[in-house]
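**Q** Model the structure of this input:
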Amino acid sequence: QVALIGGLRLELGKSYSLRWTLGTSVREKYDCDPNPDASKEKCEGLGCTWAEDTSAAGVPYCYYSSSANGYAVSDVTYMSLGVTATLTLKPTKSGPKSLPRAVAPIATLRLEVKYHSDHLLQFKIYDYANKRYEVPVPLNLPEIPQSSSQNRLYDVMVQKEPFGIQIRRRNTGTILWDSQLPTFTFGDLFIQISTRLPSQYLYGFGETEHTTYRHDMNWHTWGMFARDQPPGYKLNSYGVHPFYMGLEEDGNAHGVLLLNSNAMDVTFQPTPALTYRTTGGILDFYMVLGPTPEMVVEEYTELVGRPVMPPYWALGFQLCRYGYEDDAEISKLVEDMKAAGIPYDVQYADIDYMVRQLDFTLSPQFSGLPALIDKLHNEGMRFILILDPAISANETNYLAYERAVDKNVFIKWPNSNDIIFAKVWPDFPNVVVNDSLDWDTQVQLYRAYTAFPDFFRNSTTEWWAREIAEVYDNPRNASLSMKFDGIWIDMNEPSSFVHGSVNGCRDQELNDPPYVPQLGYRSEGLKYKTLCMEAQQFLPDGTPVRHYDVHNLYGWSQTKPTLEILQNITKERGIVITRSTFPTSGQWSGHWLGDNTAAWDQLGKSIIGMMEFSLFGISYTGADICGFFQQSEYELCARWMELGAFYPYSRNHNGEGNKRQDPVAWNSTFEALSRDVLTTRYRLLPQLYTLLYQAHAHGSTVVRPLLHEFVDDKTTWEIYKQFLWGPSLLISPVLEQGAVRVNAYLPNARWYNFYTGEYVGVRGQFQDLDSPLGYINLHVRGGHILTLQAPANNTVYSRKNPMGLLVALDDAGVAEGQLYWDDGVQI
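**A** Next up, the predicted model:
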């Protein structure tokens, strides 16, 4: 009845006029030279074809004209729990050479496929003749594989010549992975592999700012390399998450993790296909088979660790500012918030509280902070302070640095005892900073040399624990003890204000490798705003590793010990908020979405960011409400307070030099608006706490894309301006300036207005909903029960208030719900 020819669907009984042309379809063009200086001469020198095609932006001019990738397969062995094979480069094989131009391919490789469970498999390609760096991040794999041939959701086939791997969903026949493509290359400092995809619907990969939740597959490349980079289009940012979820045309879902910590990029093309390029390590892929989107996340977090369980108080509203003048300003803010009756649980101090931005110190302007923290505790509030990893080396009698040197804590030049020095926030002693000078001049004149602790070392954990403990309990002056409840770790990409070191870098090849992924400021190489790549670190077992390989793990290596130290000191659950993350980071911390800008487009992008971090297994997330950079303005900040009240991590924070933007910084109308929306949040905190527990226990999402609940409705596959709390509460914020209505999609379910209980009577369609300033649309899904609690000024008091149930019946007159409850603080 139907013939499929070259991707065309030809039906019996109809006539067609076909014209065939020689050459490669635009969709099938795989980039043969992704370097920025590609040319016709260089392209043809690689054995590839050059054709300048301007039909669409991003189409490669230099592309593979042969299907061969140069590797053939032998010794294929299919076993009950996996497959093994040998890959051999055939030197006489015609076809394209290795990429990039300066890298020679490794001649013999090993393929291992392991069936870990019926829904999880691993496929790994490595050089078995020469040991290479592998990511030292432990995953939760079953000690004994839990997979049977009868129940397995997938089938695997190794394609022999040219080499490829094909993974098929068994019950539908859908091909989820098909890498028999010409791009496969495996060299020392460059590895490349491509796969065809089952559909155009792909989500994930981070941390970069995306303008939509679903990726645009039309020739876009995204770099991943941890960097102190505020959110910006196609600029690699603070963390690295090489994980994606793919939807298949029938609504089934799968997820793929590449466990590789080197600098990399990924290219999407409309074939649909995906190309990975990484600058080292090995290829170590893990695929989970779902088959629902929510099950993909549950299976992925089973692999990388369930999200951390925050204390109950961390669900309350939080205030921070870089630029507090002294502790008196913070104290007045606390009193003004109380007078306005605005719910509020947590206050922060940014690096202002330190002496010249030195960790573990207390500025004279903040000498009253310890007493203020005690007062906050007596009133049921909590306090979080910031710590940066960089330690000043230009001090006299700075015990933190001296003890770190004694314990051999700092990162050094390779095969040397010389510490590698950079510059970050700490100032030189006895200088007066002239803020009118340009930034680079200030760094040169005023910033002290700093050293970076190597958090892989056990000695560093011991040192870090002592220094933090002495902030909590000052052994020299008890009145300076700060009884903090949480720790905010910043600048841990690691970030530096000089590129590489104060004396430059020594290894040109590592800092500017043969292929530099498509990162922001690509021409600056990998050392841009961080350490030299040749810097040497040591794993806990003493194995030396290059910063080149473990750069993306710096924040990851700091996070777990910080939480353990916090809990050991406070004897409570506490919370750690980290800027730089990697797969498995969510087990120990939350994450804010970085130094955003007070701009309207950032509202919608914050929703995308939260949904992506839900995929990555980091549930406790949110953006800086009202924006960090630039001056916020009234309407923007008001709408952001409405949206931010439904961030799991709800914090208003802004940067130095900008006007205050907290709820009591505007006028009485703004105070009332903030009070109302935060009162709604506090009513819903038992529900949010239950969702965070379910994420911690089972791996489910808290901020949930609509497609996770309504995957049979393809309209939801494109929605990113609305989100759900769990399965039951639909949040539809205003995201545009001047808007007083929101065009919201109400999927096919029975929906009720949260505030009035009114049945909406609309399903499976968009609806214009009134949304005047001060109002955010909330809808409850029929079939669900929400647990509520009378609000109060903070969670210590709200937890003592009466509770209730909001029962929303479905079409059959049925509803169900869950509640998790504990004391909110126990570990």
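**Q** Relative to the whole chain's centre, how far out is the helix or strand encompassing residue 297?
**A** Using DSSP states H and E, residue 297 falls within helix 293-304. Using Cα atoms, centre = their mean, to the nearest Å, the distance from the centre of helix 293-304 to the centre of the chain it belongs to is 15 Å.
**Q** what do you get for stretch 442-456?
**A** 26 Å.
**Q** ok, and for it, which residues are buried?
**A** Neighbour-count burial for stretch 442-456, counted by 16 or more other Cβ atoms under 10 Å, picks out 442, 446, 447, 448, 449, 450, 451, 452, 453, 454, 455, 456. C-betas here are computed from N, CA, C, even on glycine.
**Q** List just the nearest of those residues to residue 710.
**A** residue 455 (42.1 Å; Cβ to Cβ).
**Q** what about that closest one, distance to residue 349?
**A** For residue 455, the distance to residue 349 equals 23 Å [Cβ to Cβ, to the nearest Å].
**Q** Helices of the stretch 1-150 of the chain, residue ranges please.
**A** Along the stretch 1-150 of the chain, the segments classed as helices by DSSP state H, counting those that start in this stretch run 40-45.
**Q** just to revisit the earlier point, so which other helices or strands are in contact with the helix holding residue 297?
**A** Packing partners of helix 293-304 (3 or more Cβ pairs under 8 Å, 6 or more residues apart in numbering; DSSP states H and E): strand 236-247, strand 253-258, strand 283-288, helix 601-615, helix 706-709.
**Q** And the fourth one, what does it pack against?
**A** Contact partners of helix 601-615 among helices and strands, from 3+ Cβ pairs under 8 Å, 6+ apart: strand 202-208, strand 236-247, helix 293-304, strand 621-622, helix 634-644, strand 703-704, strand 723-725.
**Q** Quick one: the ones you listed as JSON lines, columns for mean pLDDT, mean neighbour count and distance to residue 68 too.
**A** Output for the helices and strands packed on helix 601-615, formatted as JSON lines (pLDDT from 0 to 100; neighbours: other Cβ atoms under 10 Å; distance: least, Cβ to Cβ, whole Å):
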{"stretch": "strand 202-208", "mean pLDDT": "96", "mean neighbour count": "25", "distance to residue 68": "27"}
{"stretch": "strand 236-247", "mean pLDDT": "98", "mean neighbour count": "26", "distance to residue 68": "27"}
{"stretch": "helix 293-304", "mean pLDDT": "98", "mean neighbour count": "24", "distance to residue 68": "34"}
{"stretch": "strand 621-622", "mean pLDDT": "98", "mean neighbour count": "26", "distance to residue 68": "44"}
{"stretch": "helix 634-644", "mean pLDDT": "98", "mean neighbour count": "22", "distance to residue 68": "52"}
{"stretch": "strand 703-704", "mean pLDDT": "98", "mean neighbour count": "24", "distance to residue 68": "44"}
{"stretch": "strand 723-725", "mean pLDDT": "98", "mean neighbour count": "23", "distance to residue 68": "46"}
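**Q** right, and those - which one's nearest residue 511?
**A** Across the helices and strands packed on helix 601-615, closest to residue 511 is strand 236-247 (Cβ to Cβ), at 16.1 Å.
**Q** Using CSV, write out every CA atom in the closest one.
**A** Output of strand 236-247 as CSV, limited to C-alpha atoms (Å, rounded to 0.1, in the frame of the first residue of the first chain):
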residue,chain,number,x,y,z
ASN,A,236,28.4,28.1,28.1
SER,A,237,27.7,28.8,31.7
TYR,A,238,28.3,27.6,35.2
GLY,A,239,27.6,23.8,35.0
VAL,A,240,27.8,20.9,32.6
HIS,A,241,25.1,18.4,32.0
PRO,A,242,25.6,16.2,28.9
PHE,A,243,22.1,14.6,29.3
TYR,A,244,19.1,14.8,27.0
MET,A,245,15.6,13.4,26.9
GLY,A,246,14.2,12.5,23.5
LEU,A,247,10.5,12.1,22.6
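**Q** That one versus helix 601-615: what angle between them?
**A** 60 degrees (axes from the mean of the first three to the mean of the last three Cα atoms, to 10 degrees).
**Q** List the neighbouring strands of strand 236-247 plus their orientation.
**A** Sheet pairing of strand 236-247 (DSSP bridges) gives strand 202-208 (antiparallel), strand 253-258 (antiparallel).
**Q** quick one, phi psi at residue 756?
**A** Residue 756 adopts backbone torsions of phi -110, psi -20, taken as degrees, to the nearest 10.
**Q** What is the neighbour count of it?
**A** 7 (other Cβ atoms under 10 Å).
**Q** where's it relative to residue 681, distance?
**A** 18 Å.
**Q** now do residue 689
**A** On the measure of Cβ to Cβ, residue 689 and residue 681 end up 12 Å apart.
**Q** Looking at the two, which one has more neighbours?
**A** In this view residue 689 and residue 681 are compared by other Cβ under 10 Å, and residue 689 has more residues nearby, 25 against 19.
**Q** Any chance you could list what contacts whichever helix or strand the more buried one is part of?
**A** Using DSSP H and E, residue 689 sits in helix 685-698. Contact with helix 685-698 is made by 298, 301, 306-310, 312, 315-316, 619-620, 648, 681, 700-702, 725-726, 729, 786-789, 795, 798, 803, 818-821, 824, as judged by Cβ atoms under 8 Å, 6 or more residues apart in numbering.
**Q** what about burial for those, which qualify?
**A** 298, 301, 306-310, 312, 315-316, 619-620, 648, 681, 700-702, 725-726, 729, 786-789, 795, 798, 824.
**Q** Keep only those of those that are in helices.
**A** Among the buried ones among the contacts of helix 685-698, the members found in helices (DSSP state H) are 298, 301, 681, 795, 798.
**Q** Using TSV, please lay out these together with distance to residue 520.
**A** Output for those, formatted as TSV (distance: Cβ to Cβ, whole Å):
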residue	distance to residue 520
298	33
301	29
681	35
795	40
798	43
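**Q** which one among these gets closest to residue 325?
**A** Nearest to residue 325 among these, with distances taken as Cβ to Cβ, is residue 795, at 28.6 Å.
**Q** so who does that closest one touch?
**A** Residue 795 neighbours (Cβ under 8 Å, 6+ apart): 312, 313, 315, 316, 345, 380, 682, 685, 824.
**Q** Give me the pLDDT for residue 69.
**A** Model confidence at residue 69, given as pLDDT, is 88.
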